[in-house]
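Novice: Return a 3D structure for these sequence lines:
(3 chains)
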Amino acid sequence: MVELLYQNYEFLFQKELLEEIKQVGVYKKIQANSTIIDVDSYITSMPLVLNGAIKILREDNDGDELVLYYLEVGDTCAMTLSCCMGQVKSQIRAVAETDVELLMIPKKKMTEWLSKYLSWQEFVLQSYHSRMEEFIKAVDSIAFLKMDERLYKYLQNKVLVNHSEVIQVTHQQIANDLHTSRVVISRLLKGLEKESKIELHRSHITVLNI
DNA sequence: ACATTAAGTGATT
DNA sequence: AATCACTTAATGT
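Specialist: The predicted model follows:
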């Protein structure tokens, strides 16, 4: 655990800060596909990703979902930051995309560090900025791209996040993530397969020529 | 062998 | 792009 922290964050944070993180951070290991943060829950600590990837989704009252972005090693969640500041309920759902190792930093420490450590402040701001950029990309893609382009981007993204060309999902799951129907996904995937961009199998997809 | 779940497809809106 | 209705294929028990 400590090795992972140093491996991923030692160039980002000053020594004293790393020491404090070690003391105060709560280590958690989470299995793929389990929910980390649910809608309407209050957030009391913020996650530092040590290993693996987390999928951040918007979910409406009917349980309809839409993937916003992924968190990877060295990331933290922008929504958590803003939720931590105010006493606001979570507007999003966080699901482990792969097996994930986390350090949970208590809200109190995380605000304290903002004034205490410049490197922490920079990290938080930088991270907020890059989440925002990804968020805007997601909006663009919904507003301006057709479904087939969105799907292809989704697949490429999955490959990056999972570090594998083989994606373990069903058409139905993709449909949920992109907020469309399974039939549509099946058809578009068939199209991509005809263009030799992917290979289809039951319950998994191989992305070619990355 | 049978039930269940995943995927493919034509037709319609 | 969504929905319906139906088929086919893969997998679990």
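
Novice: on contacts alone, who are the packing partners of the helix or strand containing A:Glu134?
Specialist: According to DSSP states H and E, A:Glu134 maps onto helix A:118-144. Counting by 3 or more Cβ pairs under 8 Å, 6 or more residues apart in numbering; DSSP states H and E, the packing neighbours recorded for helix A:118-144 are strand A:65-71, helix A:78-85, helix A:107-116, helix A:147-162. Any C-beta I mention is one placed from the backbone N, CA and C, and that applies to glycine too.

Novice: Lowest average confidence across those, which one?
Specialist: Ranked by mean pLDDT, those bottom out at helix A:78-85, with a mean of 74.

Novice: Pull up the pairing partners for the helix or strand just after it, direction included.
Specialist: Counting by DSSP H and E, the next helix or strand C-terminal to helix A:78-85 is strand A:92-96. Strand pairing for strand A:92-96, determined by DSSP bridges: strand A:35-37 (antiparallel), strand A:54-59 (antiparallel).

Novice: isn't A:Ile56 right next to A:Ala94, touching?
Specialist: Yes: applying Cβ atoms under 8 Å, one finds A:Ile56 in contact with A:Ala94, separated by 5.6 Å.

Novice: so what sits against both of these two?
Specialist: Common neighbours of A:Ile56 and A:Ala94 (criterion: Cβ atoms under 8 Å, 6 or more residues apart in numbering): A:Leu71, A:Cys77.

Novice: Helix A:118-144 and the worst-scoring helix or strand of chain A on mean pLDDT, what's the angle between them?
Specialist: Using mean pLDDT, DSSP states H and E, helix A:78-85 stands out as the lowest-scoring helix or strand of chain A, at a mean of 74. Helix A:78-85 runs at 120 degrees relative to helix A:118-144, counting by axes from the mean of the first three to the mean of the last three Cα atoms, to 10 degrees.

Novice: Enumerate the positions of helix A:78-85 that are buried.
Specialist: For helix A:78-85, a neighbour-count test (16 or more other Cβ atoms under 10 Å) marks A:Ala78, A:Met79, A:Thr80, A:Leu81, A:Cys83, A:Cys84 as buried.

Novice: Could you do stretch A:156-168 as well?
Specialist: By neighbour count with 16+ other Cβ under 10 Å, stretch A:156-168 contains the buried residues A:Asn157, A:Lys158, A:Val159, A:Val161, A:Asn162, A:Glu165, A:Ile167.

Novice: Now tabulate the strands paired with strand A:92-96 in TSV and tack on distance to A:Glu112.
Specialist: Listed next are the strands paired with strand A:92-96 as TSV, based on distance: least, Cβ to Cβ, whole Å:
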stretch	distance to A:Glu112
strand A:35-37	22
strand A:54-59	24
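
Novice: didn't A:Ser45 look like it was pressed against A:Val26?
Specialist: Yes: counting by Cβ under 8 Å, A:Ser45 does reach A:Val26; the two are 7.3 Å apart.

Novice: Neighbour count for the two, which is higher?
Specialist: A:Ser45 (20 against 11; other Cβ atoms under 10 Å).

Novice: Neighbours of the closest residue in space to the more buried one that isn't next to it in sequence, how many?
Specialist: Closest residue to A:Ser45 apart from its sequence neighbours, by Cβ to Cβ, 6 or more residues apart in numbering: A:Met104 at 4.3 Å. Using other Cβ under 10 Å, A:Met104 has 17 neighbouring residues.
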